[in-house]
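Novice: kindly return the folded structure for what I paste below:
(chains A and B)
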Amino acid sequence: MGAAVRVLVILGGLIAAWSMLVSLTGVPPYILPGPYAVLLAWQAHAGTLIANTAVTLGEVCLGLIAGVVGGALAAMLVTASAVARRWLLPLLVASQAIPVFALAPLLVLWLGYGMASKIAMAALIIFFPVTASFHDGLRQVEPGWLDLVRVMQGQKLTMASRLRGFLLVRVPAALPSLASGIRVGVAIAPIGAVIGEWVGAGAGLGHLMLHANGRLQIDLMFAALLTLAAMAVALYLGVDWLLARAMPWRPQAAANA
Amino acid sequence: MNDVAGGPVWPVAGGKHPRDNGLAVRIEGARLAYGPLQLFDSLSLALEPGRITCLLGPSGVGKSSLLRLIAGLAPQGADGRVLASDNRPLAGRLAWMDQRDLLLPWASALENVLLGARLRGETPDRERACALLDAVGLGDVIGARPDTLSGGMRSRVALARTLFEDRPVVLMDEPFAGLDAIVRHRLQELAARLLAGRTVLLVTHDPLEALRLGDRILVMSGRPVTIQEIQPPLGGVPRPVDAPDLAEAHARLLAALSLAAGEI
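Specialist: Below you'll find the model as predicted:
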């Protein structure tokens, strides 16, 4: 049975179970609306939902880019420089003791109600997983390759030749680890953006959910929630596909092809 | 690959044949201990210029450690002087080929061969790299990634990469160990031809490989290590497997190796 068929069966089963739960228990629609009611709400508010999805998707994507670039640079710096490792690494680890969610009100205070605070939130939440996994990959390069680099370069190691060894062997060797970090980042970045929107925003799916909840439009809230889930899954699958394409020498990429 | 064996002389950078700059190498006072285990104690070894020296011995006797010591990849606590006959440092003048091919999986065969030049910031000589890949019979797959190549082809890429370095001294650590007999036989033929004129140290587990390729054959044994020289069969390398005195030399070598295995 193909993967697409499996997904359709699972989705169909979930919707059927949801529908049965609603009709069997008779819960009022302001607690749990049925799938059909949510579909109708989606149709009625399609324009609003799409506009707010665009906002949240934009925040997530920009946050991802910022978090991945920042995390990758931090990992390279910490790997390449012993001084940076000694000073920056404890700081990075200690920073994880602060729950990023607790920073959300601060970020909104500093960066305002617009997209910037949500982008910062998403970037912050993925920064550490990206840094940690890329740093791991950079440290665990096949020692034989590093021996090869040493023999090929001889003894006169300048800054330039060290940099060449780093960029030509160590960084590409660690790219699959960076990809793992990015996959984790893609999965959690929407959380950051939505938390940011809950704390204070003028637009976005998180904002829409709070708004609908406040006005007892539970069907719209569910429509926004499902849209958010669909967006997150699509984003993950898209990034996963891109990463597999970008690193065709990875065995799992070959298995997926 | 027979067409390869009879192929043209392989290209040398600068048009100078490496036989002209054969470099002798001497290791003196090599010392290596793992905890209480004394592997080498003032061990000496001389590699003759432009010759293939084969190094055999039981597993764990320290063949790879000795080779890595010469390559400048010695572990912490190892000691010993490595001298070249022109009294200049050996670093930067040797090429190293490991038992594992150590090909970079993200780079094409050609890019793998060019790695050394790129690491040194030189302008990569693609033409010579392509000619070398051609000489090892891989002219059709220069753009292929290593994971699409067979074990024998990967070894040949690694051989081409080692030759591209164009160094007077070549250290090879069981370069053909993982290959089946036929492929290994052909690669030995190829390697001997392409390595002619260079000072080569070849670590091997295969007595027949040593008898075919070794201008000199050395057996390491004991703790600390002593080195015994075995008389090779007559004639230049690569010797045919049916060389008249090969069987006799084979028996001599096996006797020395089983004696060495008993001492570990």
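
Novice: what residues does chain B have near chain A?
Specialist: B:68, B:71-73, B:89, B:91-96, B:98, B:100, B:102, B:104-107, B:115-116, B:118-121, B:145-147, B:165 (Cβ under 8 Å from any Cβ of the partner chain). From N, CA and C alone the C-beta is placed, and that goes for glycine too.

Novice: among the residues you listed, name the buried ones.
Specialist: Buried members of those, counted by 16 or more other Cβ atoms under 10 Å in any protein chain shown: B:68, B:71-73, B:91-96, B:98, B:100, B:102, B:104-107, B:115-116, B:118-120, B:145-146, B:165.

Novice: return the subset of the residues you listed lying in helices.
Specialist: Those of those mapping onto helices are B:Arg68, B:Ala71, B:Leu115, B:Gly116, B:Arg118, B:Leu119, per DSSP state H.

Novice: now the top helix by length along chain A: average pLDDT?
Specialist: In chain A, taking DSSP H as the definition, the longest helix is helix A:46-80. Averaged across helix A:46-80, pLDDT comes to 95.

Novice: same deal with stretch B:56-68?
Specialist: pLDDT averaged over stretch B:56-68 gives 89.

Novice: likewise stretch A:198-214?
Specialist: Average pLDDT, stretch A:198-214: 90.

Novice: would you mind measuring the gap between the ends of that stretch?
Specialist: 12 Å (Cα to Cα, to the nearest Å).

Novice: which parts of it are buried?
Specialist: Buried, per 16+ other Cβ under 10 Å, within stretch A:198-214: A:198-201, A:203-212.

Novice: show me what the helix ranked longest in chain B is packed against.
Specialist: Selection of the longest helix in chain B by residue count, based on DSSP H, yields helix B:246-262. Applying 3 or more Cβ pairs under 8 Å, 6 or more residues apart in numbering or on different chains; DSSP states H and E, one finds that helix B:246-262 contacts helix B:207-213, strand B:216-221, strand B:226-230.

Novice: okay but B:Glu48 is in contact with B:Leu201, surely?
Specialist: No: assessed by Cβ atoms under 8 Å, B:Glu48 is found out of contact with B:Leu201, at 10.5 Å.

Novice: of these two, who's got more company?
Specialist: For B:Glu48 versus B:Leu201, the count of surrounding residues by other Cβ atoms under 10 Å in any protein chain shown is larger for B:Leu201: 26 against 15.

Novice: what secondary structure does the more buried one sit in?
Specialist: strand (DSSP: H, G, I helix; E, B strand; the rest coil).

Novice: so who does it touch?
Specialist: Neighbouring residues of B:Leu201 by Cβ atoms under 8 Å, 6 or more residues apart in numbering or on different chains: B:Val25, B:Leu47, B:Thr53, B:Leu55, B:Leu67, B:Ile70, B:Val169, B:Val170, B:Leu171, B:Met172.

Novice: sorry, back to before: mind listing what's buried along the longest helix of chain A?
Specialist: In helix A:46-80, counting by 16+ other Cβ under 10 Å, buried: A:48-49, A:52-53, A:55-57, A:59-64, A:66-68, A:70-72, A:74-76, A:78-79.

Novice: just put the contacts of B:Leu201 in JSON lines and tack on secondary structure and distance to B:Val141.
Specialist: Formatted as JSON lines, these follow (DSSP: H, G, I helix; E, B strand; the rest coil; distance: Cβ to Cβ, whole Å):
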{"residue": "B:Val25", "secondary structure": "strand", "distance to B:Val141": "34"}
{"residue": "B:Leu47", "secondary structure": "strand", "distance to B:Val141": "34"}
{"residue": "B:Thr53", "secondary structure": "strand", "distance to B:Val141": "32"}
{"residue": "B:Leu55", "secondary structure": "strand", "distance to B:Val141": "32"}
{"residue": "B:Leu67", "secondary structure": "helix", "distance to B:Val141": "29"}
{"residue": "B:Ile70", "secondary structure": "helix", "distance to B:Val141": "32"}
{"residue": "B:Val169", "secondary structure": "strand", "distance to B:Val141": "29"}
{"residue": "B:Val170", "secondary structure": "strand", "distance to B:Val141": "24"}
{"residue": "B:Leu171", "secondary structure": "strand", "distance to B:Val141": "26"}
{"residue": "B:Met172", "secondary structure": "strand", "distance to B:Val141": "23"}
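
Novice: quick check: phi and psi at the residue of the stretch 1-150 of chain B at minimum distance from chain A.
Specialist: Closest residue of the stretch 1-150 of chain B to chain A, Cβ to the nearest Cβ: B:Gly92 (2.6 Å). Reported as degrees, to the nearest 10, the phi and psi values for B:Gly92 are phi 80, psi 0.

Novice: which non-adjacent residue is nearest it?
Specialist: A:Gly154 (2.6 Å; Cβ to Cβ, 6 or more residues apart in numbering or on different chains).

Novice: what number of residues lie near A:Ala160?
Specialist: Using other Cβ under 10 Å, A:Ala160 is surrounded by 10 other residues.

Novice: wait, it sits on A:Leu168?
Specialist: No: taking contacts as Cβ under 8 Å, A:Ala160 lies outside contact range of A:Leu168: 11.9 Å.

Novice: could you pull out the helices for the stretch 101-250 of chain A?
Specialist: A:115-139, A:143-153, A:159-165, A:171-199, A:205-214, A:218-246 (DSSP state H, counting those that start in this stretch).

Novice: out of these, which comes closest to chain B?
Specialist: Closest to chain B of these is helix A:143-153 (Cβ to the nearest Cβ; 4.1 Å).

Novice: and A:Ile31, what is it in contact with?
Specialist: A:Ile31 neighbours (Cβ under 8 Å, 6+ apart): A:Ile218.

Novice: can we see that at 7 Å?
Specialist: When the contact criterion is Cβ atoms under 7 Å, 6 or more residues apart in numbering or on different chains, A:Ile31 has no partners at all.

Novice: what does B:Glu209 give?
Specialist: Contacts of B:Glu209 by Cβ under 7 Å, 6+ apart are B:Gln188.

Novice: quick one: low-confidence parts of the stretch 1-150 of chain B?
Specialist: B:1-21 (pLDDT under 70).

Novice: which parts of it are strands?
Specialist: Assigned by DSSP state E, counting those that start in this stretch, the strands in the stretch 1-150 of chain B fall at B:25-34, B:37-47, B:52-56, B:79-84, B:94-97.

Novice: among those, which is nearest B:Leu254?
Specialist: Taking Cβ to Cβ, strand B:52-56 is the member of the strands of the stretch 1-150 of chain B nearest to B:Leu254, at 10.2 Å.

Novice: return the set of buried residues in that closest one.
Specialist: For strand B:52-56, by 16+ other Cβ under 10 Å, it's B:Ile52, B:Thr53, B:Cys54, B:Leu55, B:Leu56.

Novice: and it, which strands flank it?
Specialist: strand B:199-203 (parallel), strand B:216-221 (parallel) (DSSP bridges).

Novice: out of these, which is the most enclosed?
Specialist: Burial of the strands paired with strand B:52-56 is given as mean neighbour count (mean count of other Cβ atoms under 10 Å in any protein chain shown); strand B:199-203 ranks first at a mean of 26.
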